[in-house]
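Colleague: After the sequence you'll find the predicted model.
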2 protein chains.
Amino acid sequence: MRRGGVTTLMKNDLFLRACRREPVDRVPVWLMRQAGRYMREYRAVRRNLLFMELVKDVDRATEISLQPYRRFHMDAVILFSDILVPVQAMGLDVSIPEGGPKIENPVRSQNDVKNLRIPDPVAETRFVLDILKKLRQELRDEVPLIGFAGAPFTLASYMIEGGGSRNFSVIKAMLYGDPATLHALLGKTAETVSLYVQAQIEAGAEAIQLFDTWAGELSAAQYREFALPYTQRIFESIASLGVPRILFVNGCAALLEAMAESGADVLSVDWRVDLGEVRQRLDSGIAVQGNVDPCVLLSTREAIEGEVRNTILKGGGRGHILNLGHGILPLTPEENVAAFVEAAKNVRMIHMAGSEKAP
Amino acid sequence: MRRGGVTTLMKNDLFLRACRREPVDRVPVWLMRQAGRYMREYRAVRRNLLFMELVKDVDRATEISLQPYRRFHMDAVILFSDILVPVQAMGLDVSIPEGGPKIENPVRSQNDVKNLRIPDPVAETRFVLDILKKLRQELRDEVPLIGFAGAPFTLASYMIEGGGSRNFSVIKAMLYGDPATLHALLGKTAETVSLYVQAQIEAGAEAIQLFDTWAGELSAAQYREFALPYTQRIFESIASLGVPRILFVNGCAALLEAMAESGADVLSVDWRVDLGEVRQRLDSGIAVQGNVDPCVLLSTREAIEGEVRNTILKGGGRGHILNLGHGILPLTPEENVAAFVEAAKNVRMIHMAGSEKAP
């Protein structure tokens, strides 16, 4: 790749090769939420800082992003941040205490939507871009750097519910009873996120993952109306920039075919759907990421190794990035993360090429 | 049907006819959790009783079971109770405060499983049987009476987690790390539930619904190992008793084919999966129940009417029971329940026979 007029080679580009479905000699591995609470080093750096202060502290957030890579040697580093950063910049009062995010002034009406701004990412979330730049410097092209954002439906669920939700009853009541207001919010959010991920790529992100975590609460028809068009708009806005686009939805079993129309290069899927079935249902031109149940990492080394092998075999090798099916749980023991990454690295291409002798 | 040596005719047997896939002149309708908190009458009868006291109070529980039928005229009445009633009888310390169920002595080891009893339903949960008998007397064969129980995986999730759960991390850690203990618990629970539903039928239940609410957290392969065999065992134990068997799983999109092997006559499906697709994927010999999003009942009469019509059309008429895709939400306005039932009753068979003119 080119930087500052000099073409450099990435030392470990397995992740990017897998995103592009190029041949690899093993499946790359990283973990959603790999930087965070389960790590001693994270807790030491965080101290008593409020979470929204932490993600704005360029030095600390850079350090936290790098911690899991230095300890466990995943094949990619992801920006440490939160999907609600641009939501705060849109004008909402966001805090993220231990119990989960809170928004004091949720969006409930057309007027509330009108009052939201579409923030300039350079002026209003510069700290995110600075973290990415610093990460690129520190990484020296050792492994790729992933940027990310929340997808509009998922961001709207927080904005409308005023935080996390069990039944998503407030956004759903709007979806059924006042869809025009929801569409207005989704449109404004899509524009915000488009600018935000463009700026992330400009600042050095070498792949972008959109988290539409809660879109699995929708039926396929609702997904096509309230989620897909906005995800498409964002992915389209970065289509010419040449970085892989990854789409994650938790509970995606009924949505795969629709997700494949988003423009994503990679679909990141949860553990409820069989990876072999995912392969059958999707066009061969799309890569897949996932899909080990995060709860496996609460069990034993043997169970972890078994699930990793099984998942890599089902993924078929080429065009597969091993990951969890949802974010790592805070109570995960660190040694189990090590076991997960090691197990993944121990499955070599011989298993994938179909040339392995049956046991 | 025969009772006391006299053959009686049920005045409204639409629900039973739909379970058996017999012709109907309209689709029958009831709502999961139709008796409960959203109703003024319920709150008046409950007073300050603890929930586990309420379900053991035969007069009050009978009255509560009948309240929604008297107000809204659904096509079936379901026993008012809780799936944790037999769990308490197995020897666990169950309470159900407003925040959700709590079990003070959760099951974590083989020894904990050994200490559980398989209760005799007549001796230890007689109040449930008395409620059913009283309901049959009060109903005078106006509409069918549904009994229910939790399915073993879902009951085990409460028994192991010690209550409700966000990630099901404790039962999952056992599933991956100590599957033998989980299987032992599931086996004992299946035996308990088999006896329990047999006794319910003996006491007058004319259909049995098993709630495997949380089995949607499993992959299809896990469902086939940790849920399906136990559900099969229970349904097999009542196969000769001639009452329809209904299986509900929330988040069932990836599990439908496996659920169809359970022995269920009816699959009750959540709103995330399209009912037309459900019909395509299932053998025509199985009936379906569902699948309106409970959040629709938080919106407008127009939205409710639209969703009801749409769902009935997708269900294809025969072998379909209109219901929600999950339990009714406590904040649901009563008038929206009325609108739901009325809308369902207004869709007559002409819509189902395919003879309707296109609009």
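Modeller: Great, that's in hand.
Colleague: Show me the shaky parts of chain A.
Modeller: Residues of chain A meeting the criterion pLDDT under 70: A:1-8, A:349-359.
Colleague: where along it do the strands fall?
Modeller: A:2-3, A:6-7, A:77-78, A:94-95, A:102-103, A:145-150, A:207-211, A:245-248, A:266-268, A:287-292, A:320-324 (DSSP state E).
Colleague: who's in contact with the one residue sitting closest to the centre of chain A?
Modeller: In chain A, the C-alpha nearest the mean C-alpha coordinate belongs to A:Gln209, at 4.3 Å (C-alpha atoms, centre = their mean). Applying C-beta atoms under 8 Å, 6 or more residues apart in numbering or on different chains, one finds that A:Gln209 lies in contact with A:Ile78, A:Ile146, A:Gly147, A:Phe148, A:Ile246, A:Leu247, A:Phe248, A:Ser268. Any C-beta I mention is one placed from the backbone N, CA and C, and that applies to glycine too.
Colleague: how about the helices in the stretch 51-200 of chain A?
Modeller: A:51-54, A:58-72, A:85-89, A:110-114, A:121-124, A:126-139, A:152-161, A:169-177, A:179-203 (DSSP state H, counting those that start in this stretch).
Colleague: Check the stretch 201-350 of chain A too.
Modeller: For the stretch 201-350 of chain A, helices defined by DSSP H, counting those that start in this stretch occupy the ranges A:220-226, A:228-237, A:256-259, A:275-281, A:301-315, A:334-346, A:349-352.
Colleague: hey, C-alpha coordinates of the fifth one in PDB?
Modeller: Written as PDB, here are the backbone C-alpha positions of helix A:301-315 (Å, rounded to 0.1, in the frame of the first residue of the first chain):
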ATOM      1  CA  ARG A 301      -9.500 -25.000  26.400                       C
ATOM      2  CA  GLU A 302     -10.700 -28.300  24.900                       C
ATOM      3  CA  ALA A 303     -14.100 -26.900  24.100                       C
ATOM      4  CA  ILE A 304     -12.500 -23.800  22.600                       C
ATOM      5  CA  GLU A 305     -10.200 -25.800  20.400                       C
ATOM      6  CA  GLY A 306     -13.000 -28.000  19.200                       C
ATOM      7  CA  GLU A 307     -15.300 -25.000  18.300                       C
ATOM      8  CA  VAL A 308     -12.400 -23.200  16.500                       C
ATOM      9  CA  ARG A 309     -11.500 -26.200  14.300                       C
ATOM     10  CA  ASN A 310     -15.200 -26.900  13.600                       C
ATOM     11  CA  THR A 311     -15.900 -23.300  12.700                       C
ATOM     12  CA  ILE A 312     -12.900 -23.000  10.400                       C
ATOM     13  CA  LEU A 313     -13.700 -26.300   8.600                       C
ATOM     14  CA  LYS A 314     -17.300 -25.100   8.100                       C
ATOM     15  CA  GLY A 315     -16.100 -21.800   6.800                       C
END
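Colleague: Would you mind listing the residues in contact with A:Arg20?
Modeller: Taking C-beta under 8 Å, 6+ apart as the test, what A:Arg20 contacts is A:Pro244, A:Asp265, A:Ala287.
Colleague: same deal with A:Leu210?
Modeller: With contact set as C-beta under 8 Å, 6+ apart, A:Leu210 has these partners: A:148-151, A:193, A:197, A:231, A:234-235, A:245-248, A:264.
Colleague: Distance to A:Glu22 and neighbour count for the residues you listed - can I get that in CSV?
Modeller: Listed next are the contacts of A:Leu210 as CSV, based on distance: C-beta to C-beta, whole Å; neighbours: other C-beta atoms under 10 Å in any protein chain shown:
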residue, distance to A:Glu22, neighbour count
A:Phe148, 22, 21
A:Ala149, 26, 25
A:Gly150, 29, 24
A:Ala151, 26, 29
A:Val193, 28, 27
A:Val197, 23, 26
A:Thr231, 25, 27
A:Ile234, 25, 28
A:Phe235, 20, 21
A:Arg245, 16, 22
A:Ile246, 16, 24
A:Leu247, 20, 29
A:Phe248, 22, 28
A:Ala264, 17, 24
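Colleague: Go through the residues you listed and say which is closest to A:Val292.
Modeller: Nearest to A:Val292, judged by C-beta to C-beta, of these is A:Phe248 at 13.8 Å.
Colleague: who does the closest one bridge with?
Modeller: Counting by DSSP bridges, A:Phe248 is bridged to A:Phe211, A:Ser268.
Colleague: quick one: it and A:Ile208 touch, right?
Modeller: No - in this structure, A:Phe248 is not within contact of A:Ile208 by C-beta atoms under 8 Å, at 11.3 Å.
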